[in-house]
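J.: Build me a model:
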Amino acid sequence: MRMSSRAENSAASKAMKNGGRIYDTQTFTSQIGAGLCSLARPVGAGWHIGPGWLASSHADGTVLMPSTMKIVCPHCLSVNRLGADRDARRAKCGKCSEHLFDGRPHAVNEAAFDRHITRNDIPVVADFWAEWCGPCKMMTPIFEAVTTEMEPALRFLKVDTEAVPALAARFQLRSIPMLMVFRNGNLLAHRAGALERDKLRAWLASLPAG
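T.: Take a look at the predicted model:
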């Protein structure tokens, strides 16, 4: 039985933060159909994203945050303070000197996932996937393209459910690909199934600030 959008939103709203970690209090109903794989098997200028999520993008390509924000480095996981006067696209980590935003999603383990969703001031989008999942592979280039477009408004992560089964178990996932959006450690929204590029971009842009 396919879960309705209202039921899905109700399930998402029951996600709870406990000691800095997220626990889903309701099982996500299995959604096996178009664009989904079952996990029940052996193991421009002046843009913004959602209310108050991002400052302006200028004609010269400079992107400024609306205020000083904490940004987790995707390379060494250090927490950086990114000032509103610094170009986010060119900002580098104070510890490892790598770019804080490089236009691509980053694969994470459980510890890195928790670090990102709890310490970033910007929303974090996680794509739960697996190598054997056809729709997940279809989604990969789309997710990568949207990452390039929408950073640094959002941090984009990839979670391999085969490599990090603890995260799939934590959220009681039953189908993939599954997209989840977090802010300040809380689950803002989730959506199952592969999406076209325009639909993914529009969905992310429509989300509330949290």
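
J.: Pretty sure W203 sits in a helix.
T.: Yes: applying DSSP: H, G, I helix; E, B strand; the rest coil, one finds W203 inside a helix.

J.: which residues touch it?
T.: Shown in contact with W203 (Cβ atoms under 8 Å, 6 or more residues apart in numbering): 191, 195. (C-beta placed from N, C-alpha, C; glycine too.)

J.: and what of K95?
T.: Going by Cβ under 8 Å, 6+ apart, K95 touches 73, 76, 78, 80.

J.: And the buried ones among those, selectable in ChimeraX?
T.: Filtering these down to the buried ones (16 or more other Cβ atoms under 10 Å) takes a single ChimeraX command:
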select :73,78,80
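
J.: Backbone dihedrals for V146, please?
T.: The phi and psi values for V146, taken as degrees, to the nearest 10, are phi -70, psi -30.

J.: isn't it right next to A202, touching?
T.: No: V146 is not in contact with A202 according to Cβ atoms under 8 Å; the separation is 10.3 Å.

J.: Look at these two and report which has more neighbours.
T.: Neighbour totals were compared for V146 and A202, and V146 leads with 22 against 11 (other Cβ atoms under 10 Å).

J.: so where is the protein shaky, pLDDT-wise?
T.: For the chain, residues meeting the criterion pLDDT under 70 lie at 1-61, 209-210.

J.: all strands of it, in order?
T.: Here the chain has its strands, by DSSP state E, at 15-18, 21-24, 37-38, 69-72, 79-82, 106-107, 124-129, 155-160, 175-176, 178-183, 186-192.

J.: Any idea which of those gets closest to S97?
T.: If you check each of the strands of the chain against S97 by Cβ to Cβ, strand 79-82 wins as the nearest, at 11.1 Å.

J.: if we can go back for a sec, TSV for the strands of the chain, including distance to P135?
T.: Supplementary listing: these in TSV, determined by distance: least, Cβ to Cβ, whole Å:
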stretch	distance to P135
strand 15-18	23
strand 21-24	22
strand 37-38	6
strand 69-72	29
strand 79-82	34
strand 106-107	18
strand 124-129	9
strand 155-160	15
strand 175-176	8
strand 178-183	11
strand 186-192	10
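
J.: K137 is nearest to which of the ones you listed?
T.: Nearest to K137, of these and by Cβ to Cβ, is strand 124-129 at 8.1 Å.

J.: orientation of the closest one relative to strand 178-183 in degrees?
T.: 160 degrees (axes from the mean of the first three to the mean of the last three Cα atoms, to 10 degrees).

J.: Off-centre distance for strand 124-129?
T.: The chain centroid and the centroid of strand 124-129 are separated by 5 Å, computed with Cα atoms, centre = their mean, to the nearest Å.

J.: same deal with stretch 87-94?
T.: Distance, centroid of stretch 87-94 to centroid of chain: 20 Å (Cα atoms, centre = their mean).
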